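> The following comprises the amino acid sequence and a computationally predicted model.
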Amino acid sequence: MNNILKEIKDLRGKMCVSIILNTHHTHPDSQKDAILLSNLQKEAIDRLSLEPDKKAAKKIIDQLKELVEEIDHRHNTESLVLFVNEDIAKYTRLPIAVNNRVIIDESFATRDLIRSLHTQQAYYTLVLGQDRARLIEAANGRVTEELGRPFPIINYSLFTTNATAGSNATRVGNYQKEFFSRVDKALWAIWRENPLPIVISADEKNTAYFKNISEHTEFIIGTHNDSFDKSAQHIIDANKYIVEEYTHKNNEKRLSELKEALNTGKFLVDINDIWSAIEQGKGKTLFVQNGYYQSAEIIDGKIHPVSTSDASRESIIDDIIDEMVEINADFGGDTVFISDGGLEKFKGLALITRY
């Protein structure tokens, strides 16, 4: 998900098609997903058919049809996002609920990818035995995948069958140290590509030994003791409370930043003031209520909200909030998505400015 965001976030074109839909991760409900996607695909094709550049529109339509055919709905999770223009056709699955919609704009709708990265409670669980290691990626309490290559790592070579050597505690400790050091390096190589919090699932002895060896303990958010050979989902079910507590504390910390900014003069809540500040690169942290979407038209530099039924007009931006998220990110700002009504008194939107 992080890789596809990097790939598409800076792409521009007259017809960047984003199709976003909720899906099901169990059969037979997942059979409904193909029907919903087909309906959204038809909406996208109908809108593309009205574009003046017929040649470009046809190419995009053809690429969209091919992409839809590639999708195996048996592997769906919570939602699905498709990105298609003249140069690219990609899709990704997300572990969050979304609003079903079709967006055709000069850039792709990346807001749900960003929201997913910020709110999905994604993390790694490193499952450790004395001579074995597994790595599981999970999000929102469900296994995303159990990673391979180089995991699972098995200590075939760093041990001794010599009885005398095997009884030497120092030598055994050195073998254990070298094995856990190898695991730590493999974990770090994966973490650099997709940095997520880490939970250790191991007994107290192995947990303590690994923490003593690891160079990256600052990313470990908790530990849990479970059997090495249990299923990946069993392990995630058993330790997800660690991540929920971590996420809750992190969200509380971010909201405290918002409260502190109220009296500093670096705080905006009016949608046009926020838009102006973000366009000038003044945005530091944008706070958005989960589920807040707004179609709009820009007239003389001002945002004019419009109803969803008018969103197909050429001058309409399908989701002005998505535009804010993207522009703010381009200037180095970040976005925090808040659930449970945390932004109700601000009408779902607030910005902390840099100055």
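Great, that's in hand. Numbering: from 1, shown residues only.
> where do the helices sit along the stretch 251-355 of the chain?
Secondary structure of the stretch 251-355 of the chain, counting by DSSP state H, counting those that start in this stretch: helices at 271-279, 320-330.
> how about the longest one: buried residues?
By that I understand helix 320-330. Buried residues in helix 320-330, defined by neighbour count with 16 or more other Cβ atoms under 10 Å: Ile320, Ile321, Asp322, Glu323, Met324, Val325, Glu326, Ile327, Asn328, Ala329. For glycine as for every other residue, the C-beta is placed from the backbone atoms N, C-alpha and C.
> And these, which is closest to Ser18?
Nearest to Ser18 among these is Asp322, at 8.7 Å by Cβ to Cβ.
> who's in contact with that closest one?
Residues in contact with Asp322 (Cβ atoms under 8 Å, 6 or more residues apart in numbering) are Ile103, Ala109, Thr110, Arg111, Tyr293.
> By neighbours, which of the residues you listed wins?
Counting neighbours by other Cβ atoms under 10 Å, Ala109 comes out on top of these with 27 neighbours.
> Surely Ile200 is within a helix?
No. With DSSP: H, G, I helix; E, B strand; the rest coil as the criterion, Ile200 is strand rather than part of a helix.
> Break down the stretch 1-150 of the chain into its strands, ranges please.
Ranges of strands in the stretch 1-150 of the chain, per DSSP state E, counting those that start in this stretch, are 16-22, 79-84, 89-94, 101-105, 123-128, 132-139, 142-146.
> Indicate which one of these is closest to Glu178.
Among the strands of the stretch 1-150 of the chain, strand 132-139 sits nearest to Glu178 (Cβ to Cβ), with 13.0 Å.
> now that closest one against strand 123-128, angle please.
Calculated by axes from the mean of the first three to the mean of the last three Cα atoms, to 10 degrees, strand 132-139 forms an angle of 160 degrees with strand 123-128.
> Walk me through which strands strand 132-139 pairs with, and which way each runs.
strand 123-128 (antiparallel), strand 142-146 (antiparallel), strand 153-154 (antiparallel) (DSSP bridges).
> Now mean pLDDT too, for those, in CSV please.
Formatted as CSV, these follow (pLDDT from 0 to 100):
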stretch, mean pLDDT
strand 123-128, 94
strand 142-146, 84
strand 153-154, 92
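> hey, which of those is tucked in deepest?
Between the strands paired with strand 132-139, strand 123-128 has the highest mean count of neighbours, a mean of 25, where neighbours are mean count of other Cβ atoms under 10 Å.
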